[in-house]
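Participant: here's my sequence, what's the structure:
(one chain, ligands or ions: 2)
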Amino acid sequence: MIKVAVTGAAGRMGSGIIRKITEQDDMEVVAAIEIPETPLAGEDAGVRAGIGEIGVKITGAEKLEETLKETNPDVLVDFTIAHAAAETVKKAASCGVNLVVGTTGFSDEQMESNIQAVKDNNIGAVISSNMAIGVNVFFNTLKKLAPILNDFDIEIIEAHHNQKKDAPSGTAMTAFETIAEALERDPEEVGVFGRKGMVGQRTKQEIGVHAIRGGDIVGDHTAMFIGDGERIEFTHRAHTREVFIAGVIRAIRYVPTAEKGVVSSMNDVLGLE
Ligand SMILES: NC(=O)C1=CN([C@@H]2O[C@H](COP(=O)(O)OP(=O)(O)OC[C@H]3O[C@@H](n4cnc5c(N)ncnc54)[C@H](OP(=O)(O)O)[C@@H]3O)[C@@H](O)[C@H]2O)C=CC1
Ligand SMILES: O=C(O)C1=N[C@H](C(=O)O)C[C@H](O)C1
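Facilitator: Ligands and ions are numbered 1, 2, ... in the order given. Have a look, this model is predicted:
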């Protein structure tokens, strides 16, 4: 049995992950963690997730290390918010717990700190801005398309629900970085994040990234390759969070056996490329 701790247990992703884990024969939820001093402390995580009692009480993140020591999980799954996730990664890694992290919006420093914590504590880890199989095929296809269409203008557009806090999405950032790397362009120099005012003509090198927020959009990503007289629009649309959750379940199974001390990708989990 794979023992799983979930941080962000009452969130959109966290509660869906708890529901899905309880449907699996080979894994169980042993800890459900929410914000420090959460008013949900003591509530059953299954009741909160809408599936009835599972015998796991929600605890506040102020007791994270204590909870991990008591419940001894094999894997911690984090879908929270970047600043909190970066702290959770450090603490869980120092307790020797393998990690599946889907939280987005990390700064470069926070991502470096995540990678260092995985290395220093020699744990298994999967960190990915998008756990859906379709999006990972989308990334791999962009890597191949970009060098073929390297003289087209490239723009990325993402759309998400009105509750999303970070922008642009982690997925749009991964798509941007994938394209920049495939074209050997420096991401620091070529990224244009939205446009307003007298920005001047578009340069050939720049890659635009744009965010739309509204209603209940689960997550749409389009990479536009725009030429003179024609364009290709390559789009992934998530219709349901179940596609991310399915990837999380596969990552939970993968990570206890993953190479230690390095961050694995969803390509590794899904056996893509
Ligand atoms: N990689 C992927 O495939 C996907 C990634 N995501 C990413 O996952 C993250 C979460 O998304 P979503 O579930 O929609 O967001 P939600 O806001 O619904 O859930 C986040 C939860 O984390 C809680 N939280 C905040 N800080 C802590 C902490 N220190 N310890 C424990 N829990 C904490 C929040 O509590 P409170 O609300 O009280 O602050 C909330 O319940 C985002 O970064 C999103 O971009 C989302 C979908 C797929
Ligand atoms: O916040 C979300 O909802 C999502 N976040 C991820 C991101 O920022 O890329 C993945 C997915 O698009 C949904």
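
Participant: and residue 31, its phi and psi?
Facilitator: Dihedral angles of residue 31 (phi, psi; degrees, to the nearest 10) stand at phi -150, psi 140.

Participant: what sits against it?
Facilitator: Residues near residue 31 by CB atoms under 8 Å, 6 or more residues apart in numbering: 4-6, 56, 59, 67-68, 71, 73. Placement of C-beta: from N, CA and C, glycine included.

Participant: any idea how far ligand 2 is from residue 206?
Facilitator: As defined by CB to the nearest ligand atom, to the nearest Å, residue 206 lies at a distance of 21 Å from ligand 2.

Participant: not counting its neighbours along the chain, what's nearest that residue?
Facilitator: Ranked by CB to CB, 6 or more residues apart in numbering and with sequence neighbours excluded, the top spatial neighbour of residue 206 is residue 192, at 4.8 Å.

Participant: may I see the buried residues of whichever strand or helix holds that neighbour?
Facilitator: For residue 192, the element it lies in under DSSP states H and E is strand 191-193. Of all the residues in strand 191-193, those buried under the rule 16 or more other CB atoms under 10 Å are 191-192.

Participant: what's the next secondary structure element after that strand?
Facilitator: Next along the chain from strand 191-193, counting by DSSP H and E, comes strand 207-213.

Participant: what average pLDDT does that following strand get?
Facilitator: For strand 207-213, the per-residue pLDDT values average out at 98.

Participant: list the buried residues of stretch 201-214.
Facilitator: For stretch 201-214, by 16+ other CB under 10 Å, it's 206-211.

Participant: with stretch 78-90 instead?
Facilitator: For stretch 78-90, by 16+ other CB under 10 Å, it's 78-82, 84-90.

Participant: mind picking the two most distant members of those?
Facilitator: Greatest spatial distance in the buried residues of stretch 78-90: 79 and 90, 17.2 Å, computed using CB to CB.

Participant: thinking residue 84 is in contact with residue 61, fair?
Facilitator: Yes: at 7.0 Å, residue 84 counts as touching residue 61 under the criterion of CB atoms under 8 Å.

Participant: who touches both of those two?
Facilitator: In contact with both residue 84 and residue 61: 7, 35, using CB under 8 Å, 6+ apart.
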